[in-house]
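Student: can't give you the sequence, but here's the structure:
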Ligand SMILES: Nc1ncnc2c1ncn2[C@@H]1O[C@H](COP(=O)(O)OP(=O)(O)OP(=O)(O)O)[C@@H](O)[C@H]1O
Ligand SMILES: [K+]
Ligand SMILES: [Mg+2]
C-alpha cells in the first residue's frame, strides 16, 4: 500500500487513547471475559470509593478503596489501549484506501454499440466497460479486448506498471488501479461493495476479524481459570471469618484481579491483530487470521510452475519442423493453430509466425470452429471448414490425439521436444490432421532468487513440490533451476488437488501458491492458499491470501509471521500465568499475617505493610500490560533454523522470567510507595 508506515504514529497513539475509553462499554468488554471481570471489580470499587460502608462496616478507609479503583481502571484501560493501538494502523490504512476508492465515471458499452457514462458504484457484474489511457479502472474485471500497461501502485505500492491482456492468466484488473498506456475493454466481475478494494478495506480495518480456533480455545481456557479463581476467592470469605480476619471487599477484588490471567487477557487480541497487520506490511492480504496461524505450522508447499515459479509470459521462440517438413510449413501450421488462440502463448505464436513471413487471410478462418485451450485437454486449435483439424498442445497430448486418428509419430519428435525441455522451455507439438509437423518452443524465465528462499524453507522443515501441466523433462529442468525438493509433471487441475489431499491425509498442513484459474480448486483445498496478484480473479477468490507482489516465496515471510504469532501468544500466556506465583507470595501473607503469625515464613518479600503489598502487586499487574505491548505488537523474535530449541528457550525465558520479574517489580513498587510515604 502506497502509504505503508512501519511505526505507530502520534495520531494512531492518540486515537488509541480515545478508543481505550470507548471500549469500556460493557457490551464490548464482555467478549473478553478476563478483562470484563476486572471491569466489574472497577465498578464495585468505584461504588466503595463513593460510599465505603456500602457492603458492611469499612475498616480500610476511603483512600484505599479509591487507590484500588484507580489501579483497576488503568488495568482495563491499558488492555483496551493495547487492542486499539493494534487496530490503529489498519484503520489508518483503510482510510488511505478509501480515498483511492473515489467515485469515478465509467464508460459502459451498450449492446447497440453506443457508450453511456455510469458512476462506478453502479456497475454490475457482466457490464462491459472501456477504460482509456490515464483513466482509473472503475471496478474489478477481466480484460476481454486489448493489451495495456496498468499502474497498480494504489494497491500494491509498486510503481512499475504491469502488462495486462485479454485471455490467459494475466487478464484480471483491479478497481482503483490506472491504465497507464493504451486502452482496455473489460467485463465487470464483481457487484457493488464486493470488489477487491472493498474487501481490502474491511480486511485492514479488521471489520470482519474473527477469532481463530486457537484464540477461542485460549479465551475459553482463560475464562475457566478466571471462574476457578472467583470460586477460590469466594470460599476465602467464610474461611477468613473462621480465622477471625476481616477481609474487605476491595482487597478480595484486588486479590482476584492479581490471580486471574489479566496480562494475556489484555494482550490476546492485540497479538492477533498485530500478526495480521505484519502480514499486510509484507504486501500480503490475509483473508483470515486462521490462515496466518496455519501458515505457522505448514509442512508442505505446493507451487504451480508457470506464472508462479516462472514469470509466466511464455513466448514462442522457435518453430522446429520434424524430418520431411519444411520450415515454411511448420510456420504456417503453427500460425493456423493460433490465429484464434487468445492466450498470451497463442498470440506470441502468431507474432513469431508473422515475423517469419507467415501470412493468412483472416476470412478463411471465419467459419472455422475454434477449439479453445483447456488445462484438461492441454491442446487448442481449429477445425477448418474443409475438414482439416489443426491442433497444438503438450507433446504427450498431441501424440495421443494423432495416434487415435491413426497417424504415425515422427522419429525425431521426441528428440526435438527433449532438447527444448532440457533448456527449461515448453515444447508444443503441432499437428495438421493426423500428421505431426513440428514443435513450437515456448520460452519462460524462472523468477530470480528462488533457490535461496526455498533453501530457507527447507531449513524450516518445509518441503516444496512444484506441480505443473508441463512435461516431465521441462518440469525437471525448472525444478532444478528453482531448487524445489520435488515435482509433479503433466498434472491436470484434479491432480493438483489430489497431491494436496495426499499430503493432508498424512496429517500434514499444506500451503499452495498459484495464479491460474486451473489452480483455483487446489488453492481452495489447501490449508493456506496464496494467490499471485498477477493471477486470475478465480484464483484470487479461491485463495485465503493474496500476494500483491506475486512472489511465490512470500510464503516464507508469512510462515515466519505465523510461527511468530503462535510463539508470542504462547510466551505471553506462560509469562502471565507464571506471574501469579510472585503475586501469591506478596498478597497472601499480607492478608493473613496479623491473624496467623506463622505465615511469616511465607513473607519472603518483606513488604512494608499489608496495604502496600496488595497495592504494589496490583500496580505491577497493571503496568506490566503496557510494558509488554511492544512484544505483543512486534512479536517474539523468530529465527528459522532453531524452531524446537526456540520453543524451549521461550518457555524458560518467559516462564522463569515470569516468576522472577514480578518479585523484583513488586518489591521496587513497594519501596517507592513506602519511600513516598503513600502507604
Ligand atoms: N494456448 C495453448 N494451446 C495449446 N496448448 C497449450 C497452451 N498453453 C499451454 N499449453 C500446453 O498445456 C500444458 C498445460 O498448460 P497450463 O498452463 O494449464 O499449465 P499448468 O497446469 O497451469 O501448469 P503450470 O502453470 O505450472 O505450468 C502446457 O504445459 C502446454 O504444454
Ligand atoms: K493477573
Ligand atoms: Mg498456471
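Tutor: Received it, and whenever you're ready, just let me know what you need. Everything numeric in this text was worked out from a predicted model, so none of it was measured. Ligands and ions are numbered 1, 2, ... in the order given.
Student: separation between the residue of the chain found nearest ligand 2 and ligand 3?
Tutor: Minimum separation of the chain from ligand 2 (CB to the ion) falls at residue 262, amounting to 3.7 Å. Every residue, glycine included, has its C-beta placed from N, CA and C. According to CB to the ion, to the nearest Å, residue 262 stands 50 Å off from ligand 3.
Student: same check, this time on residue 47
Tutor: Distance, residue 47 to ligand 3, by CB to the ion: 66 Å.
Student: and that residue, that's in a helix?
Tutor: Yes - counting by DSSP: H, G, I helix; E, B strand; the rest coil, residue 47 falls inside a helix.
Student: where does pLDDT dip in the stretch 51-200 of the chain?
Tutor: Residues of the stretch 51-200 of the chain meeting the criterion pLDDT under 70: 57-58, 102.
Student: for it, which residue gets nearest to ligand 3?
Tutor: Per CB to the ion, residue 169 is where the stretch 51-200 of the chain lies closest to ligand 3, at 6.0 Å.
Student: neighbours of that residue, just the number please.
Tutor: Using other CB atoms under 10 Å, residue 169 has 24 neighbouring residues.
Student: quick one: secondary structure of it?
Tutor: Secondary structure assignment for residue 169 (three-state DSSP): helix.
Student: returning to what we had before: so what's the residue of the chain closest to ligand 2 up against?
Tutor: Each residue near residue 262 by CB atoms under 8 Å, 6 or more residues apart in numbering is listed here: 34, 35, 38, 75, 79, 576, 621, 625.
Student: try 6 Å this time
Tutor: Shown in contact with residue 262 (CB atoms under 6 Å, 6 or more residues apart in numbering): residue 34.
Student: for it, phi and psi?
Tutor: Backbone geometry at residue 262, expressed as degrees, to the nearest 10, gives phi -70, psi -30.
Student: return the distance of it relative to residue 40.
Tutor: Distance, residue 262 to residue 40, using CB to CB, to the nearest Å: 13 Å.
Student: which residues does the residue of the stretch 51-200 of the chain closest to ligand 3 contact?
Tutor: Neighbouring residues of residue 169 by CB under 6 Å, 6+ apart: 307, 515, 516, 535, 536.
Student: residue contacts, residue 85?
Tutor: By CB under 6 Å, 6+ apart, the contact set of residue 85 is residue 16.
Student: where does pLDDT dip in the stretch 451-600 of the chain?
Tutor: Applying pLDDT under 70 to the stretch 451-600 of the chain picks out residues 594-595.
Student: how about the helices of it, start to end?
Tutor: Shown for the stretch 451-600 of the chain, the helices assigned by DSSP state H, counting those that start in this stretch span residues 472-482, 493-505, 520-525, 537-542, 554-592.
Student: can I get these in a markdown table with distance to ligand 1 and mean neighbour count?
Tutor: Converted to a markdown table, the helices of the stretch 451-600 of the chain look like this (distance: least, CB to the nearest ligand atom, whole Å; neighbours: other CB atoms under 10 Å):
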| stretch | distance to ligand 1 | mean neighbour count |
| --- | --- | --- |
| helix 472-482 | 7 | 21 |
| helix 493-505 | 7 | 18 |
| helix 520-525 | 10 | 23 |
| helix 537-542 | 10 | 22 |
| helix 554-592 | 16 | 22 |
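Student: around ligand 3, pick out the residues from the stretch 501-650 of the chain.
Tutor: residue 516 (CB under 5 Å from the ion).
Student: residue in the stretch 501-650 of the chain nearest to ligand 3?
Tutor: residue 516 (3.5 Å).
Student: tell me the secondary structure of residue 431, please.
Tutor: Under three-state DSSP, residue 431 falls in the strand class.
Student: right, and residue 491 touches residue 465 too?
Tutor: No - using CB atoms under 6 Å as the test, residue 491 is too far from residue 465 to be in contact (10.3 Å).
Student: neighbour count winner among those two?
Tutor: Using other CB under 10 Å as the criterion, residue 491 and residue 465 rank with residue 491 on top: 24 against 19.
Student: okay, helices next: where are they in the stretch 251-400 of the chain?
Tutor: With DSSP H, counting those that start in this stretch, the ranges of helices along the stretch 251-400 of the chain come out as 262-281, 289-295, 327-338, 344-355, 395-404.
Student: read off the pLDDT value for residue 643.
Tutor: Per-residue confidence (pLDDT) for residue 643: 57.
Student: swap in residue 214?
Tutor: So residue 214 comes in at 85 (pLDDT).
Student: give me the number of residues near it?
Tutor: For residue 214, the count of nearby residues is 17 (other CB under 10 Å).
Student: am I right that it falls within a strand?
Tutor: No - using three-state DSSP, the assignment for residue 214 is helix, not a strand.
Student: how is this protein partitioned into domains?
Tutor: The chain is divided into the following domains under the TED database: 10-92+205-280+559-676, 103-202, 286-309+447-548, 313-445.
Student: give me whichever of the ones you listed is most buried.
Tutor: Of all those, domain 286-309+447-548 has the most neighbours on average by mean count of other CB atoms under 10 Å, namely a mean of 22.
Student: now the terminal residues of that domain, how far apart.
Tutor: In domain 286-309+447-548, first residue to last residue: 11 Å (CA to CA, to the nearest Å).
Student: and if you look at stretch 537-548?
Tutor: Using CA to CA, the two ends of stretch 537-548 sit 13 Å apart.
Student: ok, back up a step: which of the helices of the stretch 451-600 of the chain sits closest to residue 432?
Tutor: helix 472-482 (24.1 Å; CB to CB).
Student: that closest one - contacts with which helices or strands?
Tutor: Secondary-structure packing of helix 472-482 (3 or more CB pairs under 6 Å, 6 or more residues apart in numbering; DSSP states H and E): helix 413-422.
Student: ramachandran angles for the residue of the chain most remote from its centre?
Tutor: Within the chain, residue 244 marks the point farthest from the mean C-alpha position, 58.3 Å out by CA atoms, centre = their mean. The phi and psi values for residue 244, taken as degrees, to the nearest 10, are phi 70, psi 30.
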